[in-house]
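Undergrad: The sequence and its predicted three-dimensional model are supplied below.
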Amino acid sequence: MNPILLRVDAVTKRFGGFVALSDVSLTVRSGERLGIIGPNGSGKTTLINCICGALASDGGSIGFDGIDVTRLAAHRRARLGIARSFQVPRPFSSMTLAENIAVPLEYVAHRRSLHRADVSTEARAILAQMGLADRADASTATLTQVDLRKLELARALAARPRLLILDEVMAGLSPVEVDEMLGIVLDLSRQGVTIVMIEHIMRAIMRFSERVVCLDAGRIMAEGTPAQIVQDPEVQRIYLGD
Amino acid sequence: MGRWTTFIVVAVAVLVAALLLARIVPNEYFFFASYVVLQFIVLATAWNILGGYAGYVNFGSGAFFAAGAYTAVALIKAFAAPLMIQLAAAALVTGLMGFAIGAMTLRLRGIFFSIATVAVAVICETVVFNWGFVGGARGATVLQPPAPALFASYARMLFVVMTLLAVLAVALARYVEISWIGRGLRAIRDNEEAAESAGVPTLKLKLFAATASGALMGIAGAPFPLYMSFIEPTSAFSLNYAVSALAMPIIGGTASWAGPVIGAVLLGSVQQVVTVTLSSEINVLVLGVLLVAFVVAAPEGILGLARKLSAKARVR
């Protein structure tokens, strides 16, 4: 079995009196594909915000590759190898696509050591991998929803992550586009990137995941293979009602 | 280094030109007016580092300018310190003020940050109003030392010094803009969370930008007491500085170092003409009208306008 890459241990997050996460523990092994499902407001995005450092957790600890990252700023975690996409795409809207990719290239992958031309070449290569090669010099304002999500993914990839966390990258896409995106993500997994994916589209999560965790009201309600999860009475109750 | 060759050549040419002008132009008023324009280049360039590149709008530039001026006054009164020391001390004091407003960005963004900078300005003005040593509300008279050997008058020397400061300020802004720092600041302006998750150390960069911006504003204000020979809080904290510092980059274009320079030269000159021909009271009015016109009609300033026009010309 591969070594553990991410260890979330009893993480708690409160917003005022509201408990968004309570004692959530999970581990992700190197190379694994983990799906996270759960109804709206169940704490999925909060959980990945805590893992990436966008939010400070109120209790528990987070370890990445044997290092305790619980108190590290988000950019330090990005440099250790944790990259994410945002649920609502957040492009750097004053920049071209290539410049968007250059940010993580300069700040994570190369940390100022590379010449400008090389950064540009590499940014174009990453965009090409996503099928965005011909848009490299376009403004992000001209992108369609699916292209914005690809850019979001490309920017995460440019940081050369060891752990890639995807927050609903397929929301709002057509079935064909979902398949296209799924293909890209599975390719990345084959290249050795560990991937955690939050998704509402069941078909995608079933095809993607080796293991699925179901969150409800800030707690892990069920965990298992995709087949076990769909059979789980708790999951059925959460999704379909009593 | 190739990206700097032209810039350095032009910078040296500007300095040489300033030295020559200081020797050959007979009219003393020329230096008086040019000094103001150059001072605004420094002020607008300083504002743009934080406001234009990083997107944190500082409404309190007047306080930084005045803090620089009053640091100089305090040093003149206490030690009869030379101009060089006044400039260095002003940069230190207002650099620290900049660091402080940079730290505020931890909790305050957008309009809330801007409101806080107004509060900083009010606090500074109140302190100076009640600080007897630097003249308080009555103001203070500062005697110009005799002009150094090479110069026919002290105003001519200040003109050359301010040219040098403007060149240095623009060089710093240009360095910030085209280096990895500039891309990080732009990422912060576009989306701070996304920047952080792309590895940009947002707090560190914001602190740097705020400190550099603050220090340059103080430097713009430091020679002001010697230039005027008299200083009092109402004119040092004048609304004109705060408005100019942001109007000039916005009208010139905030995306590049050239924007604040264009804006400052243009508006600074217009202000001088208006002051001479009409009245200095109309200055702020002219500034305000132009600012509104540009924000509505050309939000990317003169630079953006020029880019759009040249793109259109290429299409045809």
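TA: Good, I have the coordinates. Numbers count the residues shown, from 1 in each chain, chains lettered A, B, ... in the order given.

Undergrad: Next, the contact list for the residue in the stretch 201-316 of chain B that chain A sits nearest to, please.
TA: Taking CB to the nearest CB, chain A has its nearest neighbour within the stretch 201-316 of chain B at B:Pro201, 5.0 Å off. Glycine gets a C-beta too; all of them are placed from N, C-alpha and C. Neighbouring residues of B:Pro201 by CB atoms under 8 Å, 6 or more residues apart in numbering or on different chains: A:Ala73, A:His75, A:Tyr107, B:Gly184.

Undergrad: what do you get if the cut-off is 10 Å, keeping everything else the same?
TA: B:Pro201 makes contacts with A:Ala73, A:Ala74, A:His75, A:Arg76, A:Ala78, A:Arg79, A:Tyr107, B:Gly184, B:Ile188, B:Ala195, B:Leu207, B:Phe208, as judged by CB atoms under 10 Å, 6 or more residues apart in numbering or on different chains.

Undergrad: do A:Ser120 as well
TA: Each residue near A:Ser120 by CB under 10 Å, 6+ apart is listed here: A:Ala98, A:Glu99, A:Ile101, A:Ala102, A:Leu105, A:Leu114, A:Ala136.

Undergrad: related to what we said a few turns ago, from the contacts of B:Pro201, keep the buried residues only.
TA: For those, a burial check counting by 16 or more other CB atoms under 10 Å in any protein chain shown picks out A:Ala73, A:Ala74, A:His75, A:Ala78, A:Arg79, A:Tyr107, B:Gly184, B:Ile188, B:Ala195, B:Leu207, B:Phe208.

Undergrad: Can you add pLDDT and give these back as TSV?
TA: As requested, the buried ones among the contacts of B:Pro201 are exported to TSV (pLDDT from 0 to 100):
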residue	pLDDT
A:Ala73	92
A:Ala74	93
A:His75	93
A:Ala78	93
A:Arg79	92
A:Tyr107	89
B:Gly184	94
B:Ile188	95
B:Ala195	94
B:Leu207	94
B:Phe208	95
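
Undergrad: Tell me the one of the residues you listed nearest B:Ala119?
TA: For the buried ones among the contacts of B:Pro201, the closest approach to B:Ala119 (CB to CB) belongs to B:Leu207, at 19.3 Å.

Undergrad: for that closest one, helix, strand, or coil?
TA: B:Leu207 carries the three-state label helix when classified by DSSP: H, G, I helix; E, B strand; the rest coil.

Undergrad: quick one: B:Ser279 from B:Leu285, how far?
TA: From B:Ser279 across to B:Leu285, the span is 10 Å (CB to CB, to the nearest Å).

Undergrad: Isn't B:Val274 up against B:Ser280?
TA: Yes: the pair B:Val274 and B:Ser280 passes the contact test of CB atoms under 10 Å, sitting 7.7 Å apart.

Undergrad: Which one's more surrounded, the two?
TA: Neighbours were counted for B:Val274 and for B:Ser280 using other CB atoms under 10 Å in any protein chain shown; B:Val274 has more, 17 against 12.

Undergrad: Reformat the contacts of B:Pro201 as JSON lines; add secondary structure and distance to A:Ile62.
TA: Shown next, in JSON lines, are the contacts of B:Pro201 (DSSP: H, G, I helix; E, B strand; the rest coil; distance: CB to CB, whole Å):
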{"residue": "A:Ala73", "secondary structure": "coil", "distance to A:Ile62": "13"}
{"residue": "A:Ala74", "secondary structure": "helix", "distance to A:Ile62": "12"}
{"residue": "A:His75", "secondary structure": "helix", "distance to A:Ile62": "16"}
{"residue": "A:Arg76", "secondary structure": "helix", "distance to A:Ile62": "12"}
{"residue": "A:Ala78", "secondary structure": "helix", "distance to A:Ile62": "14"}
{"residue": "A:Arg79", "secondary structure": "helix", "distance to A:Ile62": "15"}
{"residue": "A:Tyr107", "secondary structure": "helix", "distance to A:Ile62": "21"}
{"residue": "B:Gly184", "secondary structure": "helix", "distance to A:Ile62": "25"}
{"residue": "B:Ile188", "secondary structure": "helix", "distance to A:Ile62": "25"}
{"residue": "B:Ala195", "secondary structure": "helix", "distance to A:Ile62": "21"}
{"residue": "B:Leu207", "secondary structure": "helix", "distance to A:Ile62": "26"}
{"residue": "B:Phe208", "secondary structure": "helix", "distance to A:Ile62": "28"}
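
Undergrad: of all these, which comes closest to A:Arg190?
TA: Among the contacts of B:Pro201, A:Ala78 lies closest to A:Arg190 (CB to CB), at 23.1 Å.
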